[in-house]
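Trainee: Let me see the structure of the following:
(2 chains)
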Amino acid sequence: MSFNIENYFSDLSTGNTILYYKGNVDSDVINHVLDTVEDKMVEVKEQSKLRKKVYNVLVESLQNLYHHVDRVPDDFEDQTSVKFGLLVVKKVNDGYRIITGNFVHVENIERLEEKIKRINRSSHEEIKELYKFILNHQRISAKGGGGLGLVDIARKTGNKLEYTFKTYNSHYSFFYLDILVNE
Amino acid sequence: MEPIIIEGTPKTPTVKFDSTEGVFEIKGRSIPENSVEFYKPLVDWLDTYKESPLTKTVVNIRLEYFNTSSSKCILDVFKKLEAIHKAKNEVEVNWYYEEDDEDMLEAGEDYESIIRVPFKMIEIVE
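Mentor: Predicted coordinates:
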């Protein structure tokens, strides 16, 4: 089969990769990733404002994977990861790029895409209001997510959420989310 | 009632709720995957406290990071404080943020606009 989740990244080879992870996204992995990236940012004396934004976005991206990923397709190479996700953190000119990837079942694609489109066509003020509305009106889901992750990412970065769905088979697509956090 | 004293971890904050002191504190990082598990005891404690609160309750929130899942739980904490305030007791929230952290200031302002309790925004200058 020609599908390769890494192909996407060779198209995106600008900037230095400071972290690459592929596999099960559990609590320990999240801790490890957060520590590693935070240490690297401190090491290069990144401004605390940017450092905090990157850290926040990283927490939300990882916990989005943790709470929301669909299980992997039956014929996928890695069957042991219950919550399979991909994460790449790159240093770019004026900030960092956080790219995540995960399988999405076809029946969940439309809802996810609608959510992103709604965020992307909103102004900063509208995103702020949306955040407050969800905060005040929506309960924490059974999966443990608050439904605020993507809204928070868009609010904190001030950038559009770039994304693609690559078809894996008739039941699954692989979803890439590409977030720029800059100064 | 028994105070709640919780030591902070890299993912959960330090908490001091002591009904004999009237100054409560949540401080540090709040980024657990399961925030409900962490915050439920605090919300329950406040539920009991609100039956016979001190005439003045001050709550200091001094968070470096919090995730969106904690943000809902923090709102639940504030809703309990709002109930105490509504029952004609003095309640004050001090929301601390570091000087360059506009996101944390905005987060405090979000709560201030939702919850009917006096908030003070306090900038921490290093």
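Trainee: and chain A, which residues reach chain B?
Mentor: A:27, A:30-31, A:34-35, A:47-49, A:52-53, A:55-56, A:59-60, A:63, A:66-67, A:128, A:131-132, A:135-136, A:138-140, A:144-146, A:148-149, A:151-152, A:156 (Cβ under 8 Å from any Cβ of the partner chain). Every residue, glycine included, has its C-beta placed from N, CA and C.
Trainee: Which members of those residues are classed as buried?
Mentor: A:30, A:34, A:52-53, A:55-56, A:59-60, A:63, A:66-67, A:128, A:131-132, A:135, A:140, A:144-146, A:148-149, A:151-152, A:156 (16 or more other Cβ atoms under 10 Å in any protein chain shown).
Trainee: Of those, which belong to helices?
Mentor: Under the assignment DSSP state H, these contribute A:30, A:34, A:52-53, A:55-56, A:59-60, A:63, A:66-67, A:128, A:131-132, A:135, A:149, A:151-152, A:156 to helices.
Trainee: Distance check, the spatially most central residue of chain A against chain B.
Mentor: In chain A, the centroid-proximal residue (Cα atoms, centre = their mean) is A:Ser61; its distance is 3.7 Å. Distance, A:Ser61 to chain B, by Cβ to the nearest Cβ, to the nearest Å: 11 Å.
Trainee: right, and the helix or strand after the helix ranked longest in chain B?
Mentor: Looking across chain B with DSSP H, the single longest helix is helix B:68-86. On the C-terminal side of helix B:68-86, the nearest following helix or strand under DSSP states H and E is strand B:90-98.
Trainee: which residue does chain A bring closest to chain B?
Mentor: Nearest residue of chain A to chain B: A:Leu148, at 3.6 Å (Cβ to the nearest Cβ).
Trainee: where does that residue land on pLDDT?
Mentor: For A:Leu148, the pLDDT comes out at 93.
Trainee: Kindly report the same for A:Leu12.
Mentor: 52.
Trainee: ditto for B:Lys79
Mentor: 97.
Trainee: Would you enumerate the residues in contact with the closest residue to it other than its chain neighbours?
Mentor: Spatial nearest neighbour of B:Lys79, chain neighbours left out: B:Ile115 (6.9 Å); criterion: Cβ to Cβ, 6 or more residues apart in numbering or on different chains. By Cβ atoms under 8 Å, 6 or more residues apart in numbering or on different chains, the residues touching B:Ile115 are B:Leu75, B:Phe78, B:Lys79, B:Leu81, B:Glu82, B:Val93.
Trainee: ok, now how distant is B:Ile115 from A:Tyr21?
Mentor: Applying Cβ to Cβ, to the nearest Å, the value for B:Ile115 to A:Tyr21 is 38 Å.
Trainee: can you confirm B:Glu25 is in a strand?
Mentor: Yes: checked against DSSP: H, G, I helix; E, B strand; the rest coil, B:Glu25 lies within a strand.
Trainee: Mind pulling the model confidence for it?
Mentor: Per-residue pLDDT puts B:Glu25 at 98.
Trainee: Write down the beta-bridge partners of it, one by one.
Mentor: On the basis of DSSP bridges, B:Glu25 is bridged to B:Lys16, B:Asn60.
Trainee: how deep is it tucked in, by neighbour count?
Mentor: Residues lying near B:Glu25 (other Cβ atoms under 10 Å in any protein chain shown) number 18.
Trainee: Now do the same contact list for the closest residue to the residue of chain A closest to chain B other than its chain neighbours.
Mentor: The shortest distance from A:Leu148 to any non-neighbouring residue, by Cβ to Cβ, 6+ apart, is to B:Thr68 (3.6 Å). Shown in contact with B:Thr68 (Cβ under 8 Å, 6+ apart): A:Glu60, A:Gln63, A:Gly146, A:Leu148, A:Gly149, A:Val151, A:Asp152.
Trainee: Would you point out the most distant pair within these?
Mentor: A:Gln63 and A:Val151 (13.5 Å; Cβ to Cβ).
Trainee: which bits of chain B sit near chain A?
Mentor: B:10-11, B:31, B:33-36, B:65, B:67-69, B:71-72, B:75, B:98, B:100-101, B:103, B:106, B:110, B:113-114.
Trainee: Apply 10 Å and report the result again.
Mentor: Counting by Cβ under 10 Å from any Cβ of the partner chain, chain B comes close to chain A at B:10-11, B:29, B:31-37, B:64-76, B:79, B:98-104, B:106-107, B:109-111, B:113-115, B:126.
Trainee: and the residue of chain B nearest chain A?
Mentor: Among all residues of chain B, B:Thr68 sits closest to chain A, at 3.6 Å; criterion: Cβ to the nearest Cβ.
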